[in-house]
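Okay, here's the prediction I keep looking at, along with the sequence it came from:
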Amino acid sequence: MERASTAVAHQTARFALGRPILVLAGPGNNGGDAYGAAALLRDWGHEVTVAALGTPKSGAAAAMAQRWGGATVALSQAASRPVVVDGLFGIGLDRDLDADTATALCWLVAAADVALAIDLPSGLDTDSGALRGAADGYTLTLALGALKPAHVLHPASTRCGTVLLDTLGLEAQGDWRSVARPSLAAPASDAHKYSRGMVAVIAGEMPGAARLAASGALHGGAGYVVLCGASGGADAIVHRAHGDLDALLEDQRVGAIVIGPGLGRDDAARARLDRVLASDRALVIDGDALSLLGRDLPSAVAARRAASVLTPHAAEFDRCFGASAASKIERTLSAARQSRATIVHKGAGTVIATPDGKILVAADLTSWLSTAGTGDVLAGLIAARIATGGSADEAVWLHGRAASLAGPAFAADTLADHLSEAIASCR
Ligand SMILES: NC(=O)C1=CN([C@@H]2O[C@H](COP(=O)(O)OP(=O)(O)OC[C@H]3O[C@@H](n4cnc5c(N)ncnc54)[C@H](O)[C@@H]3O)[C@@H](O)[C@H]2O)[C@@H](O)CC1
Ligand SMILES: Nc1ncnc2c1ncn2[C@@H]1O[C@H](COP(=O)(O)OP(=O)(O)O)[C@@H](O)[C@H]1O
Ligand SMILES: [K+]
C-alpha cells in the first residue's frame, strides 16, 4: 500500500500541475491507497481535500487514514475540484454503487478537468467488466500490481480513460496479455507461391461472404488462395467447383481451410462441413459452420487431429458453448480447453484463448468494425497467418490495424485493401 499510494501521488502530481485536488476515499484498501496518496500530496505542498465514504477497516487502510489525519467531508457534501482522485472502490466492489454514491461520483468526475481512478474506476466489476454504477469521463486509470480484466473488457474498458500500469515491483505473473503488433518477416528469398502458404475457402449459399474471406487470405499474406464453390472475386483467387472438394482436402500444399462464411445451413452445407472436419488440414471454423455444429461443436472439434481455430461472435459463442454469467475471459478459456481449439471470441474487446491456457485480449479495436462482412475477412486472414506459420492473434492485430487505416464508415469489401499497409508496419 505504501508503494501504491506513492505511485498514485506521483501520477496525480503530474496531472494536477498545482491545481486543487479532491481525493475520494472509500472504506477498503482502495480507500487506504487514497488516504496515503492524499497525505503525500499534502506533504508535497498541494491543496488537498478528502471526501470520505465509510471508515477504513483493514489495518493498513486505517493506518493510511491516520496518516492523512486531516479533516474529511462526507462524499455527499463534497464540492467539485479541478482534479479528482477516485479511491472509493477497486477490486473489492461486490455490489452496485448505491444511487447517492453513484450520483455524487458521476457529478464530481464530470466536473473535474482531470479524473484519475486508483486501480479501477469505482463501480466496475473487476472480472466481468460489467458496469455497476461507474462514472464516465476519467482521464486515466492507474492499474496497481497487474492489469485486471475490467481494464480491457467491454463495457468497463470504455470508462477507464488511458490505462497506466504500475506493477509496484511485484512479480505478479498474469496469465493473459494484450494483443500486440506482431513482428512479421518478408517471405524467404527462395519462396514460391505454394511455400508462402496456401489457403482454401469453402463457399456455400452466400458466396459473397466466402469471397471476402478469400480476399482476407490473399491480402493477409497467403501465396495462393483457392475459392471452392463460388465464382467471381479478385482475379488472383483461383476458383474450383464444389466437386473438387475432396481433391482439395487431399492437397498437402493447403496450409489452412476456411469454412463457415456464407456456408448456409442446409444438408449440402452440413455434408461439406463434415468432410472438411474429417480432414487433417488446419481449419478456421466461422459463421454458419459454428451454428450448424451448435452444442456438438466442442466434441466434434476436440476429436480432430489437426489444429482448429474457431471465430464465434457473441451469439455464435452462446450457441456452441451455452450462455453463462462468467467473464468473457473465463468463458473463452474454458471453451478453448473443451474443444482443444484456439478460440477468437469476437466483438468489442476480442478475447483469444489457446487450448494450453494462453489468453490474449484486443481491447482497442475501432467500433467501425461493426459492419457486415468484417468477420469474414478476419476468418480468411487468420487462415493466411496460420498457413504461413503464424498465429490467430497476429491476424486479429492486423485486422484491427487495417480497420483503423480504413477510417470511418468503411465497407468490409475495402478492408482487405488496407492489410498491406498494416503488414508493412510489422517489420
Ligand atoms: N491486494 C493487493 O495486493 C493490493 C491492493 N491494493 C488496493 O486495494 C484495493 C482492493 O481493496 P479491498 O479488497 O479492500 O477492496 P475495495 O477497497 O475495492 O472495497 C472493499 C470495501 O468496500 C465495500 N464495498 C464493496 N462494494 C461496495 C458497494 N457497492 N457499496 C458500498 N461498499 C462496498 C466492501 O464491503 C469492503 O469494505 C485494490 O483495488 C487496490 O486499490 C493496492 O494497495 C495494491 C496492493
Ligand atoms: N463494436 C465493435 N468494436 C470493435 N470491433 C467490433 C465491434 N463489433 C464487431 N467488431 C468486430 O468486427 C468483426 C465482425 O464479425 P462478425 O460479427 O462475424 O460479422 P460478419 O459475420 O458480418 O463478418 C469481428 O472481428 C468483431 O470483433
Ligand atoms: K477506484
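Noted; the coordinates are in hand. Ligands and ions are numbered 1, 2, ... in the order given.

I'd say residue 270 and residue 294 touch.
No. Contact criterion CB atoms under 8 Å: residue 270 and residue 294 do not qualify, at 11.3 Å. All C-beta spots, glycine's among them, are computed from the backbone N, C-alpha and C.

Between these two, tell me which one has more neighbours.
Neighbour comparison, residue 270 and residue 294: the larger count goes to residue 270, with 16 against 12 (by other CB atoms under 10 Å).

If we ignore the residues flanking it in sequence, what's nearest the more buried one?
In this structure, residue 270 finds its nearest non-sequential neighbour in residue 292, 5.6 Å apart by CB to CB, 6 or more residues apart in numbering.

check contacts around that neighbour.
263, 265, 269-270, 273 (CB atoms under 8 Å, 6 or more residues apart in numbering).

for it, helix, strand, or coil?
Following DSSP: H, G, I helix; E, B strand; the rest coil, we place residue 292 in the helix state.

measure it to residue 267 for me?
As judged by CB to CB, to the nearest Å, residue 292 and residue 267 stand 10 Å apart.

Near ligand 1, which residues of this structure are found?
1, 4, 26-31, 33, 89-97, 118-119, 144-145 (CB under 6 Å from any ligand atom).

Can you say which of those residues are buried?
Using 16 or more other CB atoms under 10 Å as the burial test, the residues of the chain next to ligand 1 include 1, 4, 26-31, 33, 89-91, 93, 97, 118-119, 144-145 as buried.

isn't residue 329 right next to residue 176, touching?
Yes. Counting by CB under 8 Å, a contact exists between residue 329 and residue 176, whose distance comes to 6.4 Å.

of these two, who's got more company?
residue 329 (22 against 19).

Could you see whether ligand 2 lies near the helix or strand hosting that one?
Using DSSP states H and E, residue 329 falls within helix 328-339. No. Judged by CB under 6 Å from any ligand atom, helix 328-339 stays clear of ligand 2, getting no closer than 11.8 Å.

So which residues make contact with whichever helix or strand comes after that helix?
Remark: after helix 328-339, the chain's next helix or strand is strand 342-345, criterion DSSP H and E. For strand 342-345, the surrounding residues in contact (CB under 8 Å, 6+ apart) are 307-312, 314, 317, 328, 331-332, 335-336, 350-355, 378, 382, 391-392, 396.

Write a ChimeraX command that selects only the buried members of those.
Buried residues among the contacts of strand 342-345 (16+ other CB under 10 Å), as a ChimeraX selection:
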select :307,308,309,310,311,312,317,328,331,332,335,336,350,351,352,353,354,355,378,382,391,392,396
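
can you tell me which residues contact the nearest residue to residue 26 once chain neighbours are set aside?
Leaving aside its sequence neighbours, residue 26 sits nearest to residue 88 (CB to CB, 6+ apart; 3.8 Å). When contacts are counted by CB under 8 Å, 6+ apart, residue 88 touches 24-26, 30-31, 34, 53, 75, 101, 105, 122.

Mind checking which of these land in helices?
30-31, 34, 101, 105 (DSSP state H).

of those, closest to residue 167?
Nearest to residue 167 among these, counting by CB to CB, is residue 30 at 17.5 Å.

Look up how far residue 60 lies from the closest one.
11 Å.

ditto for residue 74
23 Å.

So which of these two has more stuff around it?
Applying other CB under 10 Å to residue 74 and residue 60 shows that residue 60 carries more neighbours, namely 16 against 10.

in a helix, that's where that one is, yeah?
Yes. Judged by three-state DSSP, residue 60 forms part of a helix.

now for the helix or strand residue 239 falls within, which elements pack on it?
Using DSSP H and E, residue 239 sits within strand 238-240. Judged by 3 or more CB pairs under 8 Å, 6 or more residues apart in numbering; DSSP states H and E, the packing partners of strand 238-240 are strand 224-228.

Need the mean per-residue confidence for the strand it packs on.
Averaged over strand 224-228, pLDDT sits at 97.

Restricting the selection to alpha carbons, write it to PDB.
Once non-C-alpha atoms are left out, strand 224-228 reads as follows in PDB (Å, rounded to 0.1, in the frame of the first residue of the first chain):
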ATOM      1  CA  TYR A 224      -2.100 -19.000 -53.100                       C
ATOM      2  CA  VAL A 225      -5.900 -18.800 -52.400                       C
ATOM      3  CA  VAL A 226      -8.400 -21.200 -53.700                       C
ATOM      4  CA  LEU A 227     -12.100 -20.400 -53.500                       C
ATOM      5  CA  CYS A 228     -14.100 -23.600 -53.700                       C
END
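
Report the buried residues of that strand.
Neighbour counts over strand 224-228 (16+ other CB under 10 Å) mark 224-228 as buried.

sorry, back to before: the strand holding residue 239 - what's its average pLDDT?
Averaging pLDDT residue by residue across strand 238-240 gives 94.

Report pLDDT for residue 173.
67.

The closest residue to residue 208 other than its chain neighbours sits in which helix or strand?
Residue nearest to residue 208 in three dimensions, not counting chain neighbours: residue 262, with 6.3 Å by CB to CB, 6+ apart. Counting by DSSP H and E, there is no helix or strand that carries residue 262.

Centre of the chain to stretch 376-392, how far?
Centre-to-centre, stretch 376-392 and its host chain are 18 Å apart (CA atoms, centre = their mean, to the nearest Å).

Just the CA atoms of that stretch, as CSV, please.
What follows is stretch 376-392, C-alpha atoms only, in CSV (Å, rounded to 0.1, in the frame of the first residue of the first chain):
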residue,chain,number,x,y,z
ASP,A,376,-15.4,-13.0,-43.0
VAL,A,377,-12.3,-11.0,-43.8
LEU,A,378,-10.9,-11.9,-40.4
ALA,A,379,-11.5,-15.7,-41.0
GLY,A,380,-9.5,-15.6,-44.2
LEU,A,381,-6.8,-13.5,-42.6
ILE,A,382,-6.4,-16.0,-39.8
ALA,A,383,-6.1,-18.8,-42.3
ALA,A,384,-3.4,-16.9,-44.1
ARG,A,385,-1.4,-16.3,-41.0
ILE,A,386,-1.7,-20.0,-39.9
ALA,A,387,-0.8,-21.2,-43.4
THR,A,388,2.4,-19.1,-43.3
GLY,A,389,3.3,-20.4,-39.8
GLY,A,390,1.8,-17.5,-37.8
SER,A,391,-1.0,-17.3,-35.3
ALA,A,392,-4.6,-16.1,-34.9
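
Cool, thanks, talk later.
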